[in-house]
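In: Show me the folded form of this:
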Amino acid sequence: MKSVVNHAVYGEIVYEEGFWSGKRNLSVNGAELAKLSKRTFALAGGERIDVTGNYLTGVKMFIAGETIVLTPPPAWYEIVLSLLPFVLVLIWGNSVALCSVIPVIGGAIGGLVSGIFSITNIYIIKNVKSLWLKIVISIAAVAAAFLVCWGIGAAIIGSAS
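Out: Residues are numbered from 1 along each chain as shown. The predicted structure is shown next:
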């Protein structure tokens, strides 16, 4: 994930974080900063920069007593929309009455599948600007999680018969 912030004093600040590895890169005005540790960088003049957070929780940079927000934290509605796949499978997979109508895998497998869809959803909708598109993407994530869990549940019932 890449974020670009224009600051009055430091100019263009570019923050990059690897999706899988979490590796961070930071550059100020086109010059990549030296990495002192996983979360600490140094400007060419020796000024120390501390970076806290991650893409999901929001990233802040601390330099010379000033805090600069590099990526904002997710809004409350983004968190709620992203929890919907997990909550639906959690409730449906634990209800005997609902599973007798449409068999959905619950438990650890259902939690893993719906959790993957929830995390993927928040990563996707955090980059989208319009609210209606965030809602549409979240509904698609809920439907996809439900369909995958239904497919696994139907396969298990089919193999047991």
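In: This protein: strands as residue ranges?
Out: Per DSSP state E, the chain carries strands over the ranges 2-7, 11-17, 24-28, 31-32, 34-37, 40-42, 48-54, 58-63, 66-71.
In: The ones you listed: which one's closest to residue 158?
Out: Closest approach to residue 158 among the strands of the chain is made by strand 48-54 (40.9 Å; Cβ to Cβ). For every residue, glycine as well, the C-beta is placed using N, CA and C.
In: From the rest of the structure, what touches the closest one?
Out: 15, 17, 22, 24, 26, 33, 36, 39-43, 59-63, 70-71, 73 (Cβ atoms under 8 Å, 6 or more residues apart in numbering).
In: likewise stretch 71-85?
Out: For stretch 71-85, using Cβ under 8 Å, 6+ apart, the contacting residues are 1, 3, 15, 53, 55-59, 114, 117-119, 121-122, 125-126, 131, 134-135, 138, 141-142, 144-146.
In: again, only using 7 Å
Out: Contacts to stretch 71-85, defined as Cβ atoms under 7 Å, 6 or more residues apart in numbering, come from residues 3, 55-59, 114, 117-118, 121-122, 125-126, 134-135, 138, 141-142, 145.
In: quick one: which of those residues sit in helices?
Out: The members of the contacts of stretch 71-85 that map onto helices under DSSP state H are 114, 117, 118, 121, 122, 125, 134, 135, 138, 141, 142, 145.
In: burial of the spatially closest residue to the fifth one that is not a sequence neighbour, as a residue count?
Out: So that's residue 122. In space, residue 122 comes closest to residue 82 once its chain neighbours are excluded; the distance is 3.9 Å by Cβ to Cβ, 6 or more residues apart in numbering. Close neighbours of residue 82, defined as other Cβ atoms under 10 Å, add up to 26.
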